[in-house]
Each structure stands twice: as structure tokens, then as C-alpha cells.
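**Student:** Quick check, what structure comes out for this input:
(one chain, ligands or ions: 2)
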Amino acid sequence: MAAGLSVREPGEDAFRKLFKFYRRRNPAPDLSAVTDFSQNRGTEGKVLDAQLSVSAVSTQDARKAGLQPVSEWKAYGLEGYPGFIFISNPFLPGGQCHWVKQCLKTYPQKPNVCNLDLHMGAGETSDLWGKSKEQLRHKGSGRQEPKTLLEKLRWVTLGFHYNWDTKKYSPEHHTAFPIDLAFLSRQVAAACGFPRFKAEAGILNYYHLDSSLGIHVDESELDHSCPLLSFSFGQSSVFLLGGLRRDEAPIPMFMHSGDIMVMSGVSRLLYHAVPRIVPCPGGTTLPSCLSQMAFHNSATISLSSDPCTPEDWEVCSKYLLNSRINMTVRQVLGPGRTFPAESEEGHGAVRGYEGSYHPDSDEEHNDGTAKRPKKNGSNLESSESDMSSITH
Ligand SMILES: O=C(O)CCC(=O)C(=O)O
Ligand SMILES: [Fe+2]
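**Tutor:** Residues are numbered from 1 along each chain as shown. Ligands and ions are numbered 1, 2, ... in the order given. All right, here's what the predicted structure looks like:
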């Protein structure tokens, strides 16, 4: 680590040790201890069935969001982690394609904010999709080929735009939250017992095969009684769920495409990180739930005037061969609350952003420990010298 970059020098705590273990390239780590909810593997009696509110979401609304009826969802909790809910891919066949397409084609557009805005002009960052799609579609697997703008995308913020420097939200930096994503979030939150959840801020993280997201707690939101929702698409990842203290050893678990995680109650403020992306074997395929896209039956068409077409999906699937997308949705303010006056503020900050709070890829520098926010803002790390490490 370069001198002066460290915000603080934590000891070799249990979380950091496991982060480094799973982040390691050579030799690749043994993943047999990673809990896999979809396979009932590695759960060692700690997994509980989570109770969902089946009647809180109509089958019609679930379908509109691309989801199966709640009665079909497989939802789990973990003993000792009240408020943590893991929903194993509840999407309908074809239901994920709308969200992937939105993350690549729609949400990066203005007025939303993305990492490329920090060092490129408005003209250059407009229509990333249009500027990238042909090149991406025809791209070979050669590492030497220049990256498209879409491949340089690391994060997008929605609604109340998270400020990576101050680690705060502010009323001045707000644009309309996407209606379709608010709808999806409302259904998931309602099923988990939060019928009044209001999607107010979103952070989309774009990971490549060498990306990781450093150890952190999401505590910048002003009301922690509201859950944090997390949706994953594309290649799988290892997610580390820790405790309220940084030195508690985390539980490693896989997040696969379509999986949804809800952090609420006591688990809302747990340390967590993503040390590793785990591509499908061979690196040339998509997870099976994504390879059977049913366009004729696209469940989400009614949510958007721009449904995901087969041509769109060709670009999305090419992108996802090497990538993972995660959307987190947050409620920033408590019900009926507004932002406090500046002088009353005592809130804010993402605690312990160790490594990067944007996907990052710098192996040497990415041991899960806090660094000064990079110019790109976030905390993602990647082993290239660009900015693939997430450090929100
Ligand atoms: O990518 C993930 O699974 C986690 C993302 C996350 O923790 C965040 O955006 O705060
Ligand atoms: Fe987080």
C-alpha cells in the first residue's frame, strides 16, 4: 500500500483474514466452506426458513416485477443474524433480463450519476449503451482489445445520489428514483414484512472477474429501521457477512444470479464484503437461469416501455459472461422525515470501508483495508490499474 493512503491501520482481524483468503488469485481458494443456499450446502445447521408475508404481494404484482408468486420463493435466515433474509433467485424465467438491461442500457443514463462522469465530459458519457453495444457484441475474448465504455462502468447512483467523498446523501443531490426499480423493491420489501418501504437511493455496482468490494457497513442512510435490499445478476460471487464489530469472523456465502438479500433489523448494520467473483466453469457460459431467457413470455414488459429485446439481450449476455451486477436499494429517510439541518448532522459515513467501496481489482492493494476514496469515488477493486475495486 502506498504511504499515506491508509485511513487507519487495522490489525489482522478475522474478517480481513478471510477477505484476503477469498480474494487470493494464486492458488485459488478452496470454496467448499462457502454456504450455498441454493444447494443446501455448507449450512451446518445455521440456516433457518424465513417466514414471508405471502399475502402482501399479489401474484399479478410479483409477475409484473418479473418475480414468481411469493408462495414459491425459497427464503432463508441465519441463526444469530436476525433480520437477515436470503431469497434464492425468486425471478421467473426471463424475469431477470429486464433488470440486467436496465442496469446496462437505462440506469446509466442522465440524470443518474456514474463513475465515468467524474473524469469525462457529458457528451462522452451520454448513451454508453449506444457507444458500446456493437463493439461489445463483436468482441473476442482477447484481453488486449480496448474496453468499451460499458466495461469501464463501475457504479451508478440513483435517487438520492450517494456522495463518495462526504459519504452522505443530501437533499440537493437528488433525481427521480426509477419507477420500475421502486416497484420491484416495494414487492420484495413487503414480502419480507416491510410494506411501507420506500426506495429512495440506489447504488449499482458493476464487477468484473477480478473485482472485489471491500469490508464495510452501510450506515449513511438516516433511518436504519428500513431494510437494505440487494439484487445480484450475472456471474456468482462470494459474499462475506460479518458482525457488528469489524473483528468478528464473517460467514462466507455464494450469491448467484437472481438472488436477493435483505439486511434489516439487527443485521442492517453488519459488516460485509465481496472478496471474489466466481465465474461459471470454463468462463464462457452464463448461469443457467440466464441462458433460458423467455422473450415471448417476458414477464416485465408491462413495467417498461422499452422491453428487453433479443438484440438487447445479446449485448447483455456478452457483458455478463465476464461480469456481475449488484443493485442495492435503500430508504434514506424515516417515514415522514426530512434531512436535518447541517448543524444537527451526526450521521453519515460508510464505516470501515476497507478495501474499496466500489468494485476494485488491485490485488496488491486490496487486502480489505480502508483506503482514501479514489478519484472514481467507490470501493470496487480490480487487479488492473483502472478502478475495478468497489470502495463506496
Ligand atoms: O455486491 C454486493 O453483493 C454488495 C454490494 C454492497 O454491499 C453495497 O453496495 O453496499
Ligand atoms: Fe454494502
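**Student:** What count of nearby residues applies to Glu248?
**Tutor:** 15 (other C-beta atoms under 10 Å). In short, each C-beta sits where N, CA and C put it, glycine included.
**Student:** Buried ones in stretch 50-68, by neighbour count?
**Tutor:** Ala50, Leu52, Ala56, Val57, Asp61, Ala62, Arg63, Lys64, Ala65, Gly66, Leu67, Gln68 (16 or more other C-beta atoms under 10 Å).
**Student:** near ligand 1, which residues of the chain?
**Tutor:** Residues of the chain found near ligand 1 (C-beta under 6 Å from any ligand atom) are 203, 205, 213, 218, 230, 232, 239, 255, 272, 274, 326, 328, 392.
**Student:** if we can go back for a sec, farthest pair in the buried residues of stretch 50-68?
**Tutor:** Using C-beta to C-beta, the buried residues of stretch 50-68 span at most 22.9 Å, a distance reached by Ala50 and Lys64.
**Student:** isn't Gly79 right next to Lys46, touching?
**Tutor:** Small correction: residue 79 is Glu, not Gly. Yes: the criterion here is C-beta atoms under 8 Å, and Glu79 meets it with Lys46 at 4.7 Å.
**Student:** The two: which is more packed in?
**Tutor:** For Glu79 versus Lys46, the count of surrounding residues by other C-beta under 10 Å is larger for Lys46: 14 against 11.
**Student:** what about that one, distance to ligand 1?
**Tutor:** Between Lys46 and ligand 1 the computed distance is 20 Å (C-beta to the nearest ligand atom, to the nearest Å).
**Student:** Name the spans of the stretch 1-150 of the chain whose pLDDT lies under the cut-off.
**Tutor:** The stretch 1-150 of the chain contains residues with pLDDT under 70 at 1-11, 43-44, 141-143.
**Student:** Can you show me the strands along it?
**Tutor:** Applying DSSP state E, counting those that start in this stretch to the stretch 1-150 of the chain gives strands spanning 47-49, 74-78, 84-88, 113-114.
**Student:** Need the residues that contact the first one.
**Tutor:** In other words, strand 47-49. Where contact means C-beta atoms under 8 Å, 6 or more residues apart in numbering, the residues beyond strand 47-49 that reach it are Thr35, Phe37, Asn40, Ala75, Tyr76, Gly77, Leu78, Glu79.
**Student:** ok, now with 6 Å
**Tutor:** Residues from elsewhere that reach strand 47-49 (C-beta atoms under 6 Å, 6 or more residues apart in numbering): Tyr76, Gly77, Glu79.
**Student:** could you dump those to JSON lines with distance to Ala182?
**Tutor:** Below are the contacts of strand 47-49 laid out as JSON lines (distance: C-beta to C-beta, whole Å):
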{"residue": "Tyr76", "distance to Ala182": "25"}
{"residue": "Gly77", "distance to Ala182": "25"}
{"residue": "Glu79", "distance to Ala182": "32"}
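**Student:** Packing partners of the lengthiest helix in the chain?
**Tutor:** Ordering each helix of the chain by length in residues (DSSP state H) puts helix 179-191 first. In terms of contacts (3 or more C-beta pairs under 6 Å, 6 or more residues apart in numbering; DSSP states H and E), helix 179-191 is not packed against any helix or strand.
**Student:** Now that helix: buried residues?
**Tutor:** Buried, per 16+ other C-beta under 10 Å, within helix 179-191: Asp180, Leu181, Ala182, Phe183, Leu184, Ser185, Arg186, Gln187, Val188, Ala189, Ala190, Ala191.
**Student:** if you skip the residues just before and after it, what's nearest to the first one?
**Tutor:** In this structure, Asp180 finds its nearest non-sequential neighbour in Leu303, 4.4 Å apart by C-beta to C-beta, 6 or more residues apart in numbering.
**Student:** For the stretch 251-392 of the chain, which segments are assigned as strands?
**Tutor:** For the stretch 251-392 of the chain, the strands defined by DSSP E, counting those that start in this stretch occupy 251-255, 260-263, 272-278, 323-330, 350-354.
**Student:** packing partners for the third one?
**Tutor:** Helices and strands in packing contact with strand 272-278 are listed as helix 14-23, strand 213-218, strand 236-241; criterion 3+ C-beta pairs under 6 Å, 6+ apart.
**Student:** roughly how far apart are the nearest residue to Gly334 once chain neighbours are set aside and ligand 1?
**Tutor:** What sits nearest to Gly334 in space, not counting adjacent residues and going by C-beta to C-beta, 6+ apart, is Asp223, at 3.5 Å. Distance from Asp223 to ligand 1, counting by C-beta to the nearest ligand atom: 16 Å.
**Student:** For Ser264, see how far away Asp223 is.
**Tutor:** 12 Å (C-beta to C-beta, to the nearest Å).
**Student:** Looking only at neighbour counts, state which of these two leads.
**Tutor:** Higher neighbour count among Asp223 and Ser264: Ser264, with 21 against 15, using other C-beta under 10 Å.
**Student:** beta partners for Thr274?
**Tutor:** That one is not Thr; residue 274 is Val. For Val274, the beta-bridge partners under DSSP bridges are Leu213.
**Student:** before we move on, the earlier item: based on its surroundings, how many neighbours for the residue nearest to Asp180?
**Tutor:** Neighbour number of Leu303 under other C-beta under 10 Å is 21.
**Student:** just checking, it touches Leu181?
**Tutor:** No: contact status for Leu303 versus Leu181: not in contact, 9.3 Å apart, counting by C-beta atoms under 6 Å.
**Student:** Now do the shared contacts for those two.
**Tutor:** With C-beta under 6 Å, 6+ apart, Leu303 and Leu181 have no common neighbours.
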